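>>> I'd like to go over a predicted model; first the sequence, then the structure.
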Amino acid sequence: MKPEISDDLSRRIFLRGAMGVSLFATSGCEKIEDFLGMEPQEGPVVPPSGEGVDLVSHVLNRLTFGPDPSEYARVKGLGVDDESAVAFFLEEQLSPNEIEDKRTQRAVRRLEAIHAPLGELYEYKEDHLLEQLTRATLIRATRSKRQLFEVMVHFWSDHFNIDISKKECRWLKVADDREVVRKHAMGNFSALLKASALSPAMLWYLDGRENRKSGESEKPNENYARELLELHTLGVGGGYTQKDVMEVARCLSGWTVRGKDRFFKGKVEFHADAHDDGAKVVLGNEIASGGGRKDLDDILEIVGMHPSTARFLGRKLCIRFISDDPSEASIKKVAGTFLSSNGNIKETLRAVFATQEFLQGPRAQKLKRPFEFIVSALRGVRARVSSEMDVVDYLIRMGHAPFQYPTPDGYPDIASPWTGTLLWRWHFAIALARNEVSENINVEEEVLIEKAGGVDGLAASLLGRNPSVEEKAAIERSGEPLALLMASPGFQWK
Amino acid sequence: MEMKDTGIISGNGDEQATLVVVFLRGGADGLTLVPPVGNSDYYKVRPTLAVAEKDILKLGDANCGLNPAFSGLLNIYKEGGLTVAPGVGSSDKTRSHFYAQDLMEHGGQLAGGWLGRFLRYREGRPPSALSAVALGKAMPEVLRGAPAATVMESLETFSLGSGSGPTESLQTELGALYGAKENILGPVARDTLQALGRVERLRREDLPPENGAEYRDDSFSNGLRQTARLIKARVGLEAVSIDLNGWDSHIAQSSLISPLMTLLSEGLAAFHRDLGELMNAVTVVVMTEFGRRVAENSSFGTDHGRGGSMFVMGGSERGNVLGEMPVIETGILVGPGDVPVVTDYRDLLSPILIRHGAGRAMDKIFPEN
């Protein structure tokens, strides 16, 4: 059943949501379980009961890594009807810092390496850093109440992809995750872009550190300049030329990062003597000679708020949240808001969620990528996970381990590249339901069924709707409801 | 490069050509696997370890030959099914097993392996459930990043939900549910269930090898045997990784690697014979992270070096020696006295990957090359 929401109504929803935000912002209170590391008391489980995915389930599917069993009822209770409930939820999620999330923070704090200051990161073994960063990513995605924030972290990690195995990214990606992606994930795009441009890991990953022009013969390294235009801002076909790439490279020459065999390792520096200080023209904008380090700001201002950038990012956000093939109308709206809000990421997200296509378009038709599939399963069954690395094994087998994508374009966000992962999704679903992933991951199928009021309730809570007649029959015949449900087609889509 | 034309290898019935990567871990001694012919310096620096000139299996008028342990491969060479490549290696100068293996499996300083990237980026339809298989206990680096890779020690231990409990009813119900929905997962589910069914049938029937092939009973030969079974069962196998460990011969090299060379030779020969005509759609690459020091050490062994020897079997190989064995006189040796790398391993692999359909993906598979 698709809810009928007019443009007008959707606007009202957001106004109502905005007014109500303070009602629950401080709702978190510390519980004794938090200190004992136990799973906290969950709220009542009232599974969805529609024939199709209703608005609340749809929003939970798309804005989070999948609902846990009591989340549907909690969100439903936020408003007098689905529309207002969803609006409240959106406002809650758009202010992540006001959401109490101490348990997640405590769990992550134990991973001490990822909190080390930049220079000290080099004191850790690379494998240890990758493990801790990967574990933190999984803990946050699985447990954090700031779900939309974590989804955006995931989005930007792909957008500004860094393959952690390249050179000193092995140490520096940790800082990039913390100071670039997480710091600006729901902030301002220009700030995010600048942080990324000056991220020590990015300077290594796309060879920015090699980009220097000290003499006539030296040619700037164009790698970062090209990806900046092609992948981070304007996008292919965004109206730049090879000449623009070369001019951007000239503007950015001289920025470098100190290697690990030097003092102040990982420190980003501008070397005026390696900077091409002549006049440049980028996308028709003249940049006067003598700009020095300021060239970087000029460039980022030109490309960051370029209409092509708005379109490119708008399209990617629509693909992320709406569909693999979003409509022109949606992209236009989102791009428009991106520009009018000066790259305000929250406002841009509001625009995505206010599109007709998001509210009324097809539901449960975005294929969960392997990471989302696994996290949604862990959340959906409230799995107790004490060793995240056992889960990573499955992610590696499905080719979706965090920070391990080899090319700068980031993991694909559409269905077709991921269809080959079905067998391993089934393996994981069955192993998880049978408590065979590892002894450190526990699921209590009987308890889940009981709390959901029966097998159909469990199905509804995992699928976001009542199971169909066929699904009910298959569940019963299989003899393993939970395994079948998580392996079933209904659970692969969000 | 003497590699032959770059026509695409056609598949073996399920339209998939299969690339098998055999990794000799530990750094196999290239000068023992493929000894130089007519090179007096070789006997000076290898007083106890050199292969006697009369024992070397000659490869036409090439300046290197095969170790006598590879007698099983000589016929394949003569029939045109084997390429021998001396002096192959990477740019790694650390001579560390860990770094050199990682570098060679990743194909540069990149996340995941080149075989994984081949599967992700190559042209044609997306990989299927059993496109990539590693025979062993853990996922090798070379396959890391593949959109779907399966690790199995043998077909006997591989099934859906490979732990306890019945899975037949789950498979039946999954088939029904995926079949009822019209979306892109439907055909994939059908293929996946079919592949599982074929693997199960293989397991039950346990057909003997064909054409009189006899596999030895060791884990390497067994891995090749499983691979041949999967290829014959047409489960859509495209990439296989198998390790043969133990080549790090610092001490008493002969007694250490002679049996390994026999394993390698007999395993490959049995595989070649077993597959018969199907070998046209299969390429086997035998690689190692580095060769070893030219001069033997005081404990009748050799230490870590640079250029090593590799083999390519099957596919549309013509049977030749790729490049030349580098001369080993002092002036030409690198570092502490190592065989120079005359062929980058990626130059050996690139034409093979292109024949297996990499197409325009080559710049993503080896972006640094």
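Done, it's in.

>>> how many neighbours does B:Arg234 have?
B:Arg234: 16 surrounding residues under other C-beta atoms under 10 Å in any protein chain shown. Where C-beta positions appear, they are placed from N, C-alpha and C, glycine not excepted.

>>> Does it touch B:Val199 like I think?
No. Using C-beta atoms under 8 Å, B:Arg234 makes no contact with B:Val199, being 11.1 Å away.

>>> Give me the helix or strand of chain B that scores worst on average pLDDT.
The weakest-scoring helix or strand in chain B, judged by mean pLDDT, DSSP states H and E, is strand B:149-152 (a mean of 84).

>>> Kindly format the C-alpha coordinates of that one as CSV.
Coordinates of the C-alpha atoms in strand B:149-152 are reproduced here as CSV (Å, rounded to 0.1, in the frame of the first residue of the first chain):
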residue,chain,number,x,y,z
ALA,B,149,34.9,-16.2,-3.7
THR,B,150,34.5,-19.6,-2.1
VAL,B,151,37.2,-21.3,0.0
MET,B,152,36.9,-25.0,0.3
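
>>> Contacts made by it with the rest, please.
By C-beta atoms under 8 Å, 6 or more residues apart in numbering or on different chains, the surrounding residues in contact with strand B:149-152 are A:397, A:399, A:423-424, B:116, B:119, B:129-139, B:143, B:158, B:226.

>>> So A:Gly410 lies in a helix, does it not?
No. Counting by DSSP: H, G, I helix; E, B strand; the rest coil, A:Gly410 is not found in a helix; it is coil.

>>> leaving aside the residues next to it on the chain, what's closest to it?
Spatial nearest neighbour of A:Gly410, excluding adjacent residues (C-beta to C-beta, 6 or more residues apart in numbering or on different chains): A:Asp158 at 3.1 Å.

>>> which other helices and strands contact the host helix or strand of that neighbour?
For A:Asp158, the element it lies in under DSSP states H and E is helix A:147-159. Other helices and strands packing on helix A:147-159, by 3 or more C-beta pairs under 8 Å, 6 or more residues apart in numbering or on different chains; DSSP states H and E, are helix A:55-63, helix A:82-94, helix A:126-143, helix A:307-321, helix A:345-354.

>>> Tell me which of the ones you listed lies nearest to A:Ala272.
Closest of the helices and strands packed on helix A:147-159 to A:Ala272 is helix A:307-321, at 28.6 Å (criterion: C-beta to C-beta).

>>> and that closest one with helix A:345-354, angle?
60 degrees (axes from the mean of the first three to the mean of the last three C-alpha atoms, to 10 degrees).

>>> In helix A:307-321, which residues are buried?
Neighbour-count burial for helix A:307-321 flags A:308-321 (criterion: 16 or more other C-beta atoms under 10 Å in any protein chain shown).

>>> Contact partners for the residue nearest to A:Gly410?
Applying C-beta under 8 Å, 6+ apart, the residues near A:Asp158 are A:405, A:410-411, A:413.

>>> Following element in sequence after the lengthiest helix in chain B, please.
Determined from DSSP state H, the single longest helix within chain B is helix B:253-275. Next helix or strand after helix B:253-275 toward the C-terminus (DSSP H and E): strand B:282-288.

>>> Paired strands for the very next helix or strand once past that next one, with orientation please.
Next helix or strand after strand B:282-288 toward the C-terminus (DSSP H and E): strand B:308-314. Under the criterion DSSP bridges, strand B:308-314 sits next to strand B:82-89 (antiparallel), strand B:282-288 (antiparallel) in its sheet.

>>> Around chain B, which positions in the stretch 301-450 of chain A sit nearby?
Proximity of the stretch 301-450 of chain A to chain B, by C-beta under 8 Å from any C-beta of the partner chain, involves residues A:365, A:367, A:396-399, A:401, A:403-407, A:415-424, A:426-427, A:430-431, A:434, A:436.

>>> Tell me which of those fall in helices.
For those, the ones inside helices are A:396-397, A:422-424, A:426-427, A:430-431, with DSSP H as the criterion.

>>> biggest separation within those residues, which pair?
A:Ile396 and A:Ile430 (18.2 Å).

>>> Look up phi and psi at B:Ala111.
Backbone torsions for B:Ala111, taken as degrees, to the nearest 10, come to phi -80, psi 140.

>>> Roughly how far does it sit from A:Gln242?
Using C-beta to C-beta, to the nearest Å, we find B:Ala111 at a distance of 28 Å from A:Gln242.

>>> Between the two, which has more neighbouring residues?
Neighbour count, other C-beta under 10 Å: between B:Ala111 and A:Gln242, B:Ala111 has more, with 23 against 9.

>>> just the buried residues of helix A:307-321 now: which is nearest chain B?
Chain B lies nearest to A:Ile319 out of those, by C-beta to the nearest C-beta, at 15.9 Å.

>>> Skip the chain neighbours and tell me the closest residue to the closest one.
Per C-beta to C-beta, 6+ apart, closest to A:Ile319 is A:Asp413, 5.4 Å.

>>> Check A:Val46 too.
A:Ala73 (3.9 Å).

>>> just A:Ser289 next, same as before
Leaving aside its chain neighbours, A:Ser289 sits nearest to A:Ala279 (4.3 Å; criterion: C-beta to C-beta, 6+ apart).

>>> what's near enough to touch that neighbour?
Shown in contact with A:Ala279 (C-beta under 8 Å, 6+ apart): A:286-289.

>>> List buried members of those by neighbour count.
Counted by 16+ other C-beta under 10 Å, the contacts of A:Ala279 give A:Ile287 as buried.
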